[in-house]
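*Asks:* Sequence and predicted structure, then a few things I'm wondering about:
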Protein chains: 2
Amino acid sequence: MNANGTGGISKQTLRRLPLYLNCLKSRLQSGHVTVSSNDIATLLGLNQVQVRKDLASVSSGGKPKVGYVTQELISDIENFLGYNNVDSAILVGVGQLGRALLSYSGFSKCGVEIVAAFDSSEQVVDRIVSGKRILPLEKLINLCDRMQIHIGIITVPEDSAQEVCDWMIRGGIKAIWNFAPVHLKVPKDVIVQNENLAANLAVLSRQYAESLK
Amino acid sequence: MNANGTGGISKQTLRRLPLYLNCLKSRLQSGHVTVSSNDIATLLGLNQVQVRKDLASVSSGGKPKVGYVTQELISDIENFLGYNNVDSAILVGVGQLGRALLSYSGFSKCGVEIVAAFDSSEQVVDRIVSGKRILPLEKLINLCDRMQIHIGIITVPEDSAQEVCDWMIRGGIKAIWNFAPVHLKVPKDVIVQNENLAANLAVLSRQYAESLK
């Protein structure tokens, strides 16, 4: 395993793969049955060497001068990212953001299904949201353990995020997608991916301000 | 301006600043009135040299052996990220995700306010969502121009994202936060920050799978 905990491929490469996918699909739609790494680099404004390396690490289909068969490269990347095996995830915190994620159809395309959602509020528990019955937090540990679920999504307010995180860890969750703007304390074998939406927007706004200088 | 279009500071540093903020606030809460860059590096599991460089680029308050006064460093980072001047943004696409963003109180803390929201569906236009009346798309260009708004958020399905993007650009939007899983074509002076939630979850799931190897 490398320093990023992602086997032979860097986290940076992993995060670029979805960009390549979008680009390849739009090429295929416009009738390009083959594609070169240079085409992709130009279209996405990325470094050619980097794109070539990234693609070589997930597909062996590239041929000198011809490039890749577009459809094959799409399949290779989708297989690599696990779009074709379904991983199960749970979500805790059924507020507006939690609801948006539960109703989002894009996850299943990417091979992840949110199989259960939890909340601590009596007003939400037992209600049906996007076809799923919301469960009380007390059922989390048992359900994760029984169904062998290892991916957890945290969409609770920041002051209860660590507590929810601790419950998840007791239930055997090993990968946490955290939308609460707090730094979670977790054991070494648990991966946390933070998604601080407000900060991302602030960063974009700052980038724009800097671009005017 | 550097290659990232962010003046004297790299995009990577910008994206780490919110992490520092969370960490500093929790230090302050637990009574630490001063803090060193090494403390922060250890708490966040980051490289010490990198943290020292990042902090030095946004604050001149660091003193050898003492470190920073926690509250001052918090203020310096917040000022740098523009948390104290309000930037206006518009949002297009009032589905579940759009609603979640409209109702999210965290943006104003970070100095960005969503001042108007648009949708093309007659069922949504004129309805009030989180205190804002949803406007028809036709009003977008005029409103952005009149109010001098430069930040746009796209939360429409992928097949209408490019069209919405084109409207935004005609209205003078210069920084786009794009949640649709497509590669948007924009002029060189427009910054796009893509937020592909499904792909982020797929990447986390893949990281977990790799960590088992």
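*Replies:* Happy to help now that I have it.

*Asks:* CA only for contacts and neighbour counts going forward, please
*Replies:* Fine.

*Asks:* show me what contacts the nearest residue to A:Gly82 once chain neighbours are set aside?
*Replies:* The shortest distance from A:Gly82 to any non-neighbouring residue, by C-alpha to C-alpha, 6 or more residues apart in numbering or on different chains, is to A:Gly111 (6.0 Å). Contacts for A:Gly111 (C-alpha atoms under 8 Å, 6 or more residues apart in numbering or on different chains) come out as A:Gly82, A:Tyr83, A:Asn84, A:Asn85, A:Val86, A:Asp87, B:Ala202.

*Asks:* mind putting those residues in a markdown table, secondary structure included?
*Replies:* Listed next are the contacts of A:Gly111 as a markdown table, based on DSSP: H, G, I helix; E, B strand; the rest coil:
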| residue | secondary structure |
| --- | --- |
| A:Gly82 | coil |
| A:Tyr83 | coil |
| A:Asn84 | coil |
| A:Asn85 | coil |
| A:Val86 | coil |
| A:Asp87 | strand |
| B:Ala202 | helix |
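
*Asks:* Selecting buried members of the residues you listed in PyMOL, what would you type?
*Replies:* This is the PyMOL syntax for the buried subset of those, where burial follows 16 or more other C-alpha atoms under 10 Å in any protein chain shown:
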select buried, (chain A and resi 82+83+87) or (chain B and resi 202)
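
*Asks:* With distance to A:Ala56 and pLDDT as added columns, please give the contacts of A:Gly111 in CSV.
*Replies:* What follows is the contacts of A:Gly111, written out as CSV (distance: C-alpha to C-alpha, whole Å; pLDDT from 0 to 100):
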residue, distance to A:Ala56, pLDDT
A:Gly82, 17, 83
A:Tyr83, 19, 84
A:Asn84, 20, 81
A:Asn85, 22, 79
A:Val86, 25, 84
A:Asp87, 25, 89
B:Ala202, 20, 86
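
*Asks:* Look up how far A:Ile149 lies from the closest residue to A:Glu195 other than its chain neighbours.
*Replies:* Spatial nearest neighbour of A:Glu195, excluding adjacent residues (C-alpha to C-alpha, 6+ apart): A:Phe179 at 4.8 Å. Distance of A:Phe179 to A:Ile149, computed by C-alpha to C-alpha, to the nearest Å: 19 Å.

*Asks:* repeat for A:Glu195
*Replies:* 21 Å.

*Asks:* of those two, who's got more company?
*Replies:* More neighbours surround A:Ile149 than the other of A:Glu195 and A:Ile149, with 21 against 18 (other C-alpha atoms under 10 Å in any protein chain shown).

*Asks:* From the rest of the structure, what touches the biggest helix by length in chain A?
*Replies:* Criterion DSSP state H: the longest helix present in chain A is helix A:11-29. For helix A:11-29, the external contacting residues (C-alpha under 8 Å, 6+ apart) are A:4, A:33, A:35, A:40, A:43-44, A:54, A:70-71, A:74, A:77-78, B:181-183, B:199-200, B:203, B:207.

*Asks:* And stretch A:54-68, by the same measure?
*Replies:* A:9, A:13, A:17, A:34-37, A:69, A:72-73, A:76-77, A:80.

*Asks:* If we use 6 Å, what do you get?
*Replies:* Contact with stretch A:54-68 is made by A:Thr13, A:Thr34, A:Val35, A:Ser36, A:Asp76, as judged by C-alpha atoms under 6 Å, 6 or more residues apart in numbering or on different chains.

*Asks:* For it, buried residues please.
*Replies:* A:Asp54, A:Leu55, A:Val58, A:Ser59, A:Gly62, A:Gly67, A:Tyr68.

*Asks:* what do you get for stretch A:153-163?
*Replies:* Applying a neighbour-count criterion of 16+ other C-alpha under 10 Å, one finds A:Ile153, A:Ile154, A:Thr155, A:Val156, A:Glu158, A:Ala161, A:Gln162 buried in stretch A:153-163.

*Asks:* likewise stretch A:206-213?
*Replies:* Quick answer for stretch A:206-213 (16+ other C-alpha under 10 Å): A:Arg206, A:Gln207, A:Tyr208, A:Ala209, A:Glu210, A:Ser211.

*Asks:* Would you map the strands across chain A?
*Replies:* A:34-35, A:68-69, A:87-92, A:112-119, A:128-129, A:132-136, A:151-154, A:175-178, A:191-194 (DSSP state E).

*Asks:* Up against chain B, what does chain A have?
*Replies:* A:5-7, A:18, A:22, A:81, A:96-97, A:100, A:106-107, A:110, A:182, A:198, A:202, A:206-207, A:210-211 (C-alpha under 6 Å from any C-alpha of the partner chain).
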